[in-house]
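In: task: produce atomic coordinates for the following.
(2 chains)
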Amino acid sequence: GAGVSQSPSNKVTEKGKDVELRCDPISGHTALYWYRQSLGQGLEFLIYFQGNSAPDKSGLPSDRFSAERTGGSVSTLTIQRTQQEDSAVYLCASSSGRDSYNEQFFGPGTRLTVL
Amino acid sequence: GQNIDQPTEMTATEGAIVQINCTYQTSGFNGLFWYQQHAGEAPTFLSYNVLDGLEEKGRFSSFLSRSKGYSYLLLKELQMKDSASYLCGADSNYQLIWGAGTKLIIKP
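Out: Numbering: from 1, shown residues only, chains lettered A, B, ... in the order given. Alright, predicted model coming up:
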């Protein structure tokens, strides 16, 4: 079956512009995560959605970052007024959210470069 | 607080054995994941340990000690394609708490 997909795969933008990153999770997965990974670094948790519950936004680095998940499926991560330090790979992952453990399946990521 | 520690980088020789350690402190611990991430690619699942002990899966084995907050990933008969970063993640309630990853360099 189809895995997690993300678009675009690469995004180059100018400082101060807004960007939108999209994630399509695996069908039926109720849990969706956004992470940020800078070059050579580990995964930085950004936000978590589970079903219809209020999202956990505790990892968002500033109020320039926001995310939505429509219809419990597709998610969009929006970064407003981008800064150079926002340059990173943004990874989306989904999990079934129902099992006793939460294996996460990752998308290929969006590489964001802010000039 | 919650934290995960693993070595930043390790080097090993093709055909040899290497052990990557991970220590963790989390709340609501359920289990310990190991993921592999090749450069420029997304992480992929390797193993998940819930109970104490060693679980073997081909050339890769993973060990967990819940009382010590300790895990390791053991890679045998190393191949060049094993050059990657290995991420340790603690399953804490609904999310994974990630280590920074261990970059494994395999030399011929």
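In: so, low pLDDT: which residues of the chain?
Out: I went with chain A, as the question did not name one. Where chain A drops to pLDDT under 70, the residues are A:1, A:97-102.
In: chain B was what I was after
Out: Looking at chain B by pLDDT under 70, you get B:1, B:93-95.
In: can you list the residues of chain B near chain A?
Out: Selection of chain B residues close to chain A by C-beta under 8 Å from any C-beta of the partner chain yields B:30-31, B:33, B:41-45, B:48, B:50, B:87, B:91, B:94-101, B:103. C-betas here are computed from N, CA, C, even on glycine.
In: helix or strand: which one has the residue nearest the centre of chain A?
Out: With distances taken as C-alpha atoms, centre = their mean, chain A has residue A:34 as the residue nearest its mean C-alpha position (3.0 Å). In the assignment (DSSP states H and E), residue A:34 maps to strand A:31-37.
In: which ones among the residues of chain B next to chain A are found in strands?
Out: Residues of the residues of chain B next to chain A located in strands (DSSP state E): B:30-31, B:33, B:44-45, B:48, B:87, B:91, B:95-98, B:103.
In: picking that back up, list the residues that contact the residue nearest to the centre of chain A.
Out: Neighbour list for residue A:34: A:23, A:46-48, A:67, A:75, A:77, A:90-92 [criterion: C-beta atoms under 8 Å, 6 or more residues apart in numbering or on different chains].
In: one more time with 6 Å, if that's ok
Out: Residue A:34 sits next to A:46-47, A:67, A:77, A:92 when contact means C-beta atoms under 6 Å, 6 or more residues apart in numbering or on different chains.
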